[in-house]
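Undergrad: next comes the sequence, and after it the predicted model I'd like to discuss.
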Amino acid sequence: MNTEKNPISIYMAPLQEYTDAVYRNAHFRLFGGVNKYFAPYLVLQNDGSVKKSTWRDILPENNPNVLPVPQILAGTSNEFATLANKIHELGYREMNWNLGCPYPMVTRRGRGSGLLPHPGRIREILDKAFTLPEINLSVKLRAGQESKDELFPVLEVLNDFPVTEIILHPRIAKDLYKGEADRKLFAEAKEICQHPLIYNGDITTADDATNFTEQENISTIMIGRGILQNPFLAGEINGTSVPDPKEKNQLLREFHAEVYSAYAERLNGFSHQHMRMIKFWSYFSENFPEPRKAMKKVKKATSDAKYDAAVGEAFRQFEW
C-alpha cells in the first residue's frame, strides 16, 4: 500500500510593501517551495491611472524568475474592467480579486473587505468581470467587514460564477490581525462553498500546515507572514528543503544580499533603501537568535557603512 502523502500546494500571500518583485524573485530562486506568488494589489488612482511602482511590479521583465498572479482592488465594475484589461494587455490571464484588505483607507472607499456587507454589488462586478475575454479569476476575502455573518451571503453569490478558487482568511476586517483566525468558520464555509476553498491565516510551522490540511481534507493553503518570518517554511512543509545550519546561514546571507542590492538599484538614496529594508527586517530578524537586537541595530543605521556593520553583527549571532 502506498502511504506517501501528496504534497501541499502553497501560495504566497500578497502583502503591500513586503512581497514585491524583488522579494518574490529572490525567494523563488533561493528557497522555492511556493506554487504561486500573488502580487500586491493594483488599484486605480483618482486620475484613472495605476501607480507606477505597483505597475512595474507585475511587468514580466521585472519578474524573470516567476510570474505572479496580479491582484485587483476594485469597488465598481468599471474599476474592475479597467484594471483587468490593463493586466490582460501584459499577457496575464490569471488574476485575483481582493475582497480582503481590512484597512480603513481602503474599506471606506468600498473596496477590499468594504464590499463584503454588499453582496449585491459583488454580483454586479462579477457580472461585468465574466464578460471580459480570457479571464481566470480567483477571489481572496475576509470573513466579513464587521461580522462573520456577512461571509455566507457572499459565498452564495460566488457560487453563481465560474471563479477558479476562493481564498479565505477567516478574520473579520475590523480585527486586522488581532486574535486568532477562526478555523472553525473555515470548516463551515467549506460546506457552502462550491469552489475550491483555500485557507489563509496564522500558519507558521510545517506541523501546523500538515495537521490542518489533513484535518480539513484540503490540498492548498496560502501563507504570508509565516514565510516572511521563515523563508524556508514552504520547503519545510513538503520536506523539499531542509538545509543544515551552515547552509541555512548562507542562504539567509544570499537572500539579504540579493534583496538589498536590488533595492539599491531601484531606490534613490540610502534613506529610501533603508526604509524598505527596515520593513524586510521586521520579519527577517525572526531568523536570528536575538531578533530584537538584530532589528535594533539595523534600524539605527544612518549610512551604508553603518548598515553593513549592523548586518554583519546580526549574522555573527549564529555560532556553528
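TA: Done, it's in.
Undergrad: and the longest strand for this structure?
TA: For the chain, the longest strand by residue count, based on DSSP state E, is strand 136-144.
Undergrad: tell me which strands it pairs with, and in which orientation.
TA: Counting by DSSP bridges, the strands paired with strand 136-144 are strand 94-99 (parallel), strand 166-172 (parallel).
Undergrad: for Leu73, find the nearest of those.
TA: strand 94-99 (4.6 Å; Cβ to Cβ). Where you see a C-beta, it was placed from the backbone N, CA and C, and this is true even at glycine.
Undergrad: circling back to that earlier point, flag every buried residue along the longest strand of the chain.
TA: Neighbour-count burial for strand 136-144 flags Leu137, Ser138, Val139, Lys140, Leu141, Arg142, Ala143, Gly144 (criterion: 16 or more other Cβ atoms under 10 Å).
Undergrad: pretty sure the last one contacts Pro117?
TA: To tie it back to what came earlier, the one meant is Gly144. Yes - counting by Cβ atoms under 8 Å, Gly144 touches Pro117, with 7.5 Å between them.
Undergrad: and the buried residues of strand 136-144, which is closest to Phe130?
TA: For those, the nearest to Phe130 is Leu137 (7.6 Å; Cβ to Cβ).
Undergrad: so that closest one touches Val163, yeah?
TA: Yes - between Leu137 and Val163 there is a contact under Cβ under 8 Å: 5.4 Å.
Undergrad: below-threshold pLDDT in this structure: ranges please.
TA: For the chain, applying pLDDT under 70 flags the ranges 1-5, 319-320.
Undergrad: who touches both of Gly144 and Pro117?
TA: By Cβ atoms under 8 Å, 6 or more residues apart in numbering, Gly144 and Pro117 have these common neighbours: Glu150.
Undergrad: identify the residues contacting His169.
TA: Gly100, Lys140, Leu141, Arg142, Ala143, Ala181, Asn200, Gly201.
Undergrad: measure how buried the first one is and give me the count.
TA: By the other Cβ atoms under 10 Å criterion, the neighbourhood of Gly100 contains 27 residues.
Undergrad: swap in the last one?
TA: Using other Cβ under 10 Å, Gly201 has 24 other residues around it.
Undergrad: could you find the closest non-adjacent residue to it?
TA: Closest residue to Gly201 apart from its sequence neighbours, by Cβ to Cβ, 6 or more residues apart in numbering: Ala181 at 3.2 Å.
Undergrad: what's the distance between the one you found and Arg292?
TA: 25 Å (Cβ to Cβ, to the nearest Å).
Undergrad: so between these two, which is more surrounded?
TA: Between Ala181 and Arg292, counted using other Cβ under 10 Å, Ala181 has the larger neighbour count: 19 against 9.
Undergrad: and the more buried one, how far is that from Val43?
TA: 25 Å.
Undergrad: for Phe255, same thing?
TA: Relative to Val43, and taking Cβ to Cβ, Phe255 is found at 29 Å.
Undergrad: same deal with Met295?
TA: Taken as Cβ to Cβ, the span from Met295 to Val43 is 30 Å.
Undergrad: same deal with Val259?
TA: Distance from Val259 to Val43, by Cβ to Cβ: 25 Å.
Undergrad: all strands for this structure, in order.
TA: 9-12, 36-37, 71-72, 94-99, 136-144, 166-172, 197-200, 220-223.
Undergrad: any chance of the ones you listed in CSV, plus distance to Asn78?
TA: Output for the strands of the chain, formatted as CSV (distance: least, Cβ to Cβ, whole Å):
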stretch, distance to Asn78
strand 9-12, 28
strand 36-37, 28
strand 71-72, 12
strand 94-99, 14
strand 136-144, 16
strand 166-172, 24
strand 197-200, 28
strand 220-223, 28
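Undergrad: which one of these lies closest to Glu265?
TA: Nearest of those (Cβ to Cβ): strand 36-37, 20.5 Å.
Undergrad: ok, residues contacting whichever helix in the chain runs longest?
TA: Across the chain, the helix with the greatest residue count (assigned by DSSP state H) is helix 245-266. Helix 245-266 is contacted by residues 22-23, 26-27, 29-31, 231-232, 243, 273, 276-277, 280, 284, 287, 311, 315, 318, 320 when judged by Cβ under 8 Å, 6+ apart.
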